[in-house]
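Enquirer: Model the following, please.
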Amino acid sequence: MQWMDNRYAMIGVQTEGPDAQGEVQGVVSILDTATAELFPYKPGRFICYHLGKIIFETGPSLAFIRSDLAGAQVWIGDVLQERPHAAWFGSDTKDMRSYMPLRDTCADEMDPQAWVQADKDIGGVFFPEPRREETPVWKRFGLLPEHGFFANHLPTVQKVPLSERDAYAQIHWFRPGKDKVVLPLSRMHEVGQAGISEWSPWLGRYVLSGSGMRYSQATGSVRSQFTEAAVRYGRAGNVVIFDPRDGDIRKIPRPPELTTVVQLHKAFATRGGMLWQSATAKPWGLYLSRGATVRRIADVRAERIAISPDGCRAVVLSHQNPNAAGGVSKLDILNFCNGAD
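Expert: Okay, here's the model as predicted:
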C-alpha cells in the first residue's frame, strides 16, 4: 500500500472467495481517500508503487515458489504501461533464481546474482565462508536512489554471536558521487527498513524504526534476544529521524507512558505528531504523541499504515476481528489536518 498523491493510494485487495482452481485472486486497486471509494485497477498481487511506477504479480502463488510451474509473471513499469516479465532467472531448471522486487525504490526487479554483483562493486574484498562461494564486505540496503544507500560492514560481525552482531556492525552511508560516511547507528536496532514506507516527503527525512523500538516492559510483550540486546547496548526505544541532505540524525525516544503499556512496532511522522503503531501483542492500538501529550486514537490491530506525502492523512489496514486468525479486512482513513481530532 502506497500513496500516489495526497488523495489517492494504490492498494492490494483480495476477492471474497477462491476461483475454480482454489486460488484467492488479488486485485490492484486505487483508493480515493476523500470519498473512501475503492476502484479496481488490474488483477494481480500488489507489490509496490512509487512516483508513477508500479510492480505487481499475476499467476498462481505456487508458481512463484516452484520454478517448474508455469504462469508466474511480474508486471513492471509506469502506470497503464506495465510490461510482463518472467518471475524466474536462468535457463537451467536446477539453478533457476526467483526475482527480487526492489521494494525500497520500486524501480525494477533484480536477479539475485546481479544483487550479489552490486555488493561486489562497492566491496572489492571478499571473505570465504563454508557452503558459500564468497561474502562481500558490504551489504547494501535502503534509501531512494537520489539519497544513495546504506551499507552494513560485514567483516566486523563475521565471528560475533548472532544476537550481538548489530552492536558491532558499522553502518556506512554511501552518498551519491561522494565519499561514504560512517553513521553512529545500529543496523538492526535503530535503522530497520529504510525505503519508500520510511521516507516522509513533507518532512524531507526518513523515519526509521529498528527492532530496538519494540522493547517493552508491558505485560504480554514479546521478548527476544534481539530486543534484550538492544537494551544491553543502549539502542532501545528510539525512533531515528535521518536527513539525507546532510546526514543529520535525531533520535526521538518513545513516550515514557507507552513503555509499560504497549509493545510498539513502528513509528510515523504526521502533521499532527508522531503516530505509534502497536505490535501484535495486546493491547493493540494506534497512539499519537505531540510534545508531552500522548493519546490512543484507534483501538485496532493495524497490519499496514501509509502516510500521505503531505503528512495529513494515514491509510490503516487492520483486522476486523483482532482476536481471530486470518487476513486484513478493515480499512480506516485518519486525518491529522484541517482541525481534525
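
Enquirer: where does the stretch 101-250 of the chain have low pLDDT?
Expert: Along the stretch 101-250 of the chain, the parts satisfying pLDDT under 70 run over 119, 123-138, 154-169, 218-234.

Enquirer: what's the burial count for the closest residue in space to E109 that isn't next to it in sequence?
Expert: Once its chain neighbours are removed from consideration, E109 has its nearest residue in Y99; the separation is 4.5 Å (CB to CB, 6 or more residues apart in numbering). From N, CA and C alone the C-beta is placed, and that goes for glycine too. Using other CB atoms under 10 Å, Y99 is surrounded by 21 other residues.

Enquirer: what's the pLDDT at Y99?
Expert: Each residue has a pLDDT score; the one for Y99 is 89.

Enquirer: That one reaches D108, doesn't it?
Expert: No. The pair Y99 and D108 does not pass the contact test of CB atoms under 8 Å, sitting 9.7 Å apart.

Enquirer: what does the domain assignment say about this protein?
Expert: As recorded under automatic domain parsing, the domains making up the chain are 1-109, 111-183, 192-341.

Enquirer: how close does the residue nearest to E109 get to G195?
Expert: When CB to CB, to the nearest Å is the yardstick, Y99 and G195 sit 17 Å from each other.

Enquirer: Beta-bridge partners for L31, please?
Expert: With DSSP bridges as the criterion, the beta-bridge partners of L31 are A9, L38.

Enquirer: Look up how far M100 lies from it.
Expert: Shown here: L31 relative to M100, a distance of 27 Å by CB to CB.

Enquirer: ok, these two, which is more surrounded?
Expert: Here L31 and M100 are compared on neighbour count by other CB under 10 Å; more neighbours surround L31, at 23 against 14.

Enquirer: The more buried one: what's it in contact with?
Expert: In this structure, L31 makes contact with Y8, A9, M10, I11, E37, L38, F39, V315, L331, judged by CB atoms under 8 Å, 6 or more residues apart in numbering.

Enquirer: What count of nearby residues applies to G77?
Expert: Residues near G77, counting by other CB under 10 Å, number 15.

Enquirer: Secondary structure element for it, which one?
Expert: G77 is located in strand 73-78, with elements delineated by DSSP states H and E.

Enquirer: now Q113
Expert: Residue-wise, Q113 maps onto helix 112-123 under DSSP H and E.

Enquirer: for that helix, packing partners?
Expert: Helix 112-123 is packed against strand 97-98, strand 132-136, strand 138-141, with contacts defined by 3 or more CB pairs under 8 Å, 6 or more residues apart in numbering; DSSP states H and E.

Enquirer: which neighbours does the first one have in its sheet, and in what orientation?
Expert: Okay, so that is strand 97-98. strand 88-89 (antiparallel).

Enquirer: what's in contact with the strand it pairs with?
Expert: Residues lying outside strand 88-89 but in contact with it, judged by CB under 8 Å, 6+ apart, are S67, A72, M96, R97, S98, Y99, D111, P112, Q113.

Enquirer: Can you give me every residue that contacts the fifth one?
Expert: Put plainly, it is S98. F64, I65, S67, A87, W88, F89, P112.

Enquirer: The same query, at a cut-off of 7 Å, please.
Expert: Remark: with contacts taken as CB atoms under 7 Å, 6 or more residues apart in numbering, S98 is in contact with F64, A87, W88.

Enquirer: just the second one next, same as before
Expert: When contacts are counted by CB under 7 Å, 6+ apart, A72 touches G59, A63, F64, A87, W88.

Enquirer: Check the burial of A34 by counting its neighbours.
Expert: By the other CB under 10 Å criterion, the neighbourhood of A34 contains 11 residues.

Enquirer: What score does the nearest residue to it once chain neighbours are set aside have for pLDDT?
Expert: Closest residue in space to A34, ignoring its immediate chain neighbours: R7 at 5.5 Å, by CB to CB, 6+ apart. In this model, R7 is scored at 97, pLDDT.

Enquirer: what's the spacing between the strand holding G77 and its chain's center?
Expert: In terms of CA atoms, centre = their mean, to the nearest Å, the centre of strand 73-78 is set 20 Å apart from its chain centre.

Enquirer: now swap in stretch 262-275 and tell me
Expert: Offset of stretch 262-275 from its chain centre (CA atoms, centre = their mean): 15 Å.

Enquirer: now the helices: where do they sit in the stretch 101-250 of the chain?
Expert: Shown for the stretch 101-250 of the chain, the helices assigned by DSSP state H, counting those that start in this stretch span residues 112-123, 165-168, 225-232.

Enquirer: wait, what's in contact with M213?
Expert: For M213, the set of contacting residues under the criterion of CB under 7 Å, 6+ apart consists of G237, N238, V239, R254, L264, A267.
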